[in-house]
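J.: Build me a model:
(one chain, ligands or ions: 1)
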Amino acid sequence: MFEVYIHVPFCMRRCGYCDFNTYTAIDMGAGASRSNYANMVIREMAIVREWQERHGIAEPTAGTVFFGGGTPTILKAADLVNMLDAVRKTWGIADNAEITTEANPDTVDADYVRELADGGFNRISFGMQSAVPHVLKTLDRTHTPDNVAAGIAAANKAGMRSSVDLIYGAPGESLDDWRTSVNTAIDLGVNHISAYALTVAPNTTMGRRIAAGTLPTPDDDDEATKYEIADSLLSAAGLEWYEISNWARSGYESRHNLGYWRNVDWAGLGPGAHSHYNAAPPAHVPVPPDGRCLIGGGNTEATSGLRSWDIAHPHLWGTAINEGRIPWAGSESITAEENLEETIMLGLRIREGLEITQFGGAITETTWRELEHDGLVTIEHHRAVPTLRGRLLNDTIITKLLETLG
Ligand code: SF4
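T.: Residues are numbered from 1 along each chain as shown. You can find the predicted model right below:
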């Protein structure tokens with residue numbers, strides 16, 4: 001399984017809670033402008049493919065392609081289609097591949113969505129966040145619930161699947177506000193809904209307002225209650241959880257995101273995007289500031305793969321591409337021990353759970369039974385699956401298992 005992620009680091013304006021790698025400037029220099037962005041990503045694809053070949057990494061055709069951001073739909077639809085065409089030429093795309101873009105409801109209309117569908121996209125994920133005007137205002141979101149409904153109608157008409165993202169725990173959001181948002185999302189008729197707890201980074205406008213006391217601090221108990229409300233309403237509507245923050249009707253799960261949780265290979269393109277390879281030569285850490293690729297340069301430690309991350313700033317990222325360098329800020333080998341830890345952390349996020357026999361004696365039957373006794377997991381057919389309580393206390397389970405591993 002091989003996946004491609006393309007990050008689009010542009011937004012119309014920065015939302016007060018957001019610390020993603022995104023920029024409101026139209027042109028960041030070194031070719032990293034909105035109008036030239038597709039060309040730069042296509043050039044990065046060629047460099048990454050050449051790196052893979054040089055290191056003996058032969059990936060199958062891409063099973064999923066995902067455009068995230070930022071706001072991918074700030075670019076022309078033709079730019080997204082051109083990048084998708086380039087993925088097809090570079091790696092190939094499987095016949096039944098899942099091709100998704102995230103979308104800001106303000107930036108798409110029926111013609112835009114139709115152009116994406118004609119270009120090969122078959123899934124669109126709308127950032128809805130809330131259906132309640134005062135919550136949207138707190139989150140600095142400009143769209144209205146009507147825009148979301150219009151976007152989904154356009155996606156349906158174009159034969160695309162759609163999903164909406166919600167955020168819970170915004171300052172001032174009541175439990176009834178949250179019920180309204182979840183029910184509105186359900187009434188939109190989508191087959192996939194994501195719901196994320198608001199995390200407030202201190203370096204954001206919202207983080208500074210909370211630190212200054214002009215906004216209340218999000219409350220863990222409030223967020224836990226809202227998670228339970230979401231799970232209850234979504235399950236009743238026929239959308240079952242398949243990952244801690246994701247619910248879908250059967251067959252509508254996001255295959256791209258499941259790939260991350262199953263730890264498959266993926267190439268991330270664009271400023272700040274991460275890549276992951278299971279079978280890769282050992283890395284020197286980190287790639288130096290001049291970006292020379294030192295991968296495979298003499299480190300003989302046994303590893304279970306490699307992760308790398310692109311330079312975050314678009315100007316420096318563009319400069320590296322213009323100089324023909326792979327635009328990575330760094331890379332590191334994944335040791336066998338780290339790989340085991342990742343397997344635990346990722347496996348305990350998903351409904352298919354963790355195969356417990358894979359840990360041999362490193363995690364004893366007694367440990368698993370204690371977690372089951374505490375109501376945190378169920379164990380059936382040698383798989384541990386987090387319960388609702390276990391999803392809420394996921395960190396507790398992971399901490400206990402990692403301590404057991406020593
Ligand atoms: S639209 Fe999304 S990525 Fe852009 S600033 Fe707002 S939250 Fe961040």
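J.: how close does the residue sitting furthest away from the middle of the chain sit to residue 345?
T.: Residue farthest from the centre of the chain, counting by CA atoms, centre = their mean, is residue 366 at 34.2 Å. From residue 366 over to residue 345 the distance is 21 Å, taken as CB to CB, to the nearest Å. All C-beta spots, glycine's among them, are computed from the backbone N, C-alpha and C.
J.: can you check residue 117 too?
T.: With the distance defined as CB to CB, residue 117 ends up 36 Å from residue 345.
J.: and the chain, which residues reach the ligand?
T.: Residues of the chain found near the ligand (CB under 6 Å from any ligand atom) are 11, 14-15, 18, 20, 22, 69-71, 104, 127.
J.: tell me the pLDDT at whichever residue of the stretch 251-400 of the chain sits closest to the ligand?
T.: When distances are taken as CB to the nearest ligand atom, the stretch 251-400 of the chain reaches nearest to the ligand at residue 272, 11.7 Å away. pLDDT, the model's per-residue confidence, is 98 for residue 272.
J.: Assign a three-state SS to it, would you?
T.: State at residue 272, reduced to three classes by DSSP: H, G, I helix; E, B strand; the rest coil: coil.
J.: burial of it, as a residue count?
T.: As a burial measure, residue 272 scores 19 neighbours (other CB atoms under 10 Å).
J.: got any ranges where the stretch 251-400 of the chain has weak pLDDT?
T.: Confidence mapping of the stretch 251-400 of the chain against pLDDT under 70 gives the ranges 280-303.
J.: Now do the helices in it.
T.: Counting by DSSP state H, counting those that start in this stretch, one finds helices in the stretch 251-400 of the chain at the ranges 255-261, 314-322, 336-347, 365-373, 388-392, 394-405.
J.: Turn those helices into JSON lines, including distance to residue 382.
T.: Compiled in JSON lines, the helices of the stretch 251-400 of the chain are given as follows (distance: least, CB to CB, whole Å):
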{"stretch": "helix 255-261", "distance to residue 382": "19"}
{"stretch": "helix 314-322", "distance to residue 382": "44"}
{"stretch": "helix 336-347", "distance to residue 382": "13"}
{"stretch": "helix 365-373", "distance to residue 382": "10"}
{"stretch": "helix 388-392", "distance to residue 382": "17"}
{"stretch": "helix 394-405", "distance to residue 382": "15"}
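J.: Among those helices, which comes closest to residue 208?
T.: Ranking the helices of the stretch 251-400 of the chain by their distance to residue 208 (criterion: CB to CB) puts helix 314-322 first, at 24.3 Å.
J.: Name the residues that touch that closest one?
T.: 9, 23, 28-32, 40, 43-44, 47, 270-271, 291, 310-311, 326-328 (CB atoms under 8 Å, 6 or more residues apart in numbering).
J.: Kindly export that helix (C-alpha atoms) in PDB.
T.: Output in PDB follows, covering the C-alpha atoms of helix 314-322 (Å, rounded to 0.1, in the frame of the first residue of the first chain):
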ATOM      1  CA  PRO A 314       7.400  27.700   1.500                       C
ATOM      2  CA  HIS A 315      10.200  30.100   0.400                       C
ATOM      3  CA  LEU A 316      13.000  27.700   1.700                       C
ATOM      4  CA  TRP A 317      11.100  24.700   0.400                       C
ATOM      5  CA  GLY A 318      10.900  26.300  -3.000                       C
ATOM      6  CA  THR A 319      14.500  27.300  -2.900                       C
ATOM      7  CA  ALA A 320      15.500  23.600  -2.300                       C
ATOM      8  CA  ILE A 321      13.400  22.500  -5.200                       C
ATOM      9  CA  ASN A 322      14.900  25.200  -7.500                       C
END
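J.: ok, residue 243 touching residue 258?
T.: Yes - with contact taken as CB atoms under 8 Å, residue 243 and residue 258 are classed as touching, separated by 7.4 Å.
J.: which neighbours do the two share?
T.: Residues touching both residue 243 and residue 258 by CB under 8 Å, 6+ apart: residue 350.
J.: Count the residues that sit near residue 278.
T.: 15.
J.: where's residue 169 relative to residue 341, distance?
T.: Counting by CB to CB - residue 169 and residue 341 are separated by 27 Å.
J.: Neighbour count: these two, which is higher?
T.: Neighbours per residue, other CB under 10 Å: of residue 169 and residue 341, the larger number sits with residue 169, 21 against 15.
J.: Phi and psi next, for the more buried one.
T.: As for residue 169, its main-chain torsions (degrees, to the nearest 10) stand at phi 100, psi 10.
J.: for it, what are its contacts?
T.: When contacts are counted by CB under 8 Å, 6+ apart, residue 169 is found next to 197-198, 218-219, 222-223, 226.
J.: Now whatever residue of the stretch 201-350 of the chain ends up closest to the ligand: closest residue in space, sequence neighbours ignored.
T.: Nearest residue of the stretch 201-350 of the chain to the ligand: residue 204, at 9.4 Å (CB to the nearest ligand atom). Taking CB to CB, 6 or more residues apart in numbering as the measure, residue 204 lies nearest to residue 19, with 5.3 Å between them; neighbours along the chain are not counted.
J.: now do residue 369
T.: Distances taken as CB to CB, 6+ apart place residue 379 nearest to residue 369, at 7.7 Å, with adjacent residues excluded.
J.: Cool, thanks, talk later.
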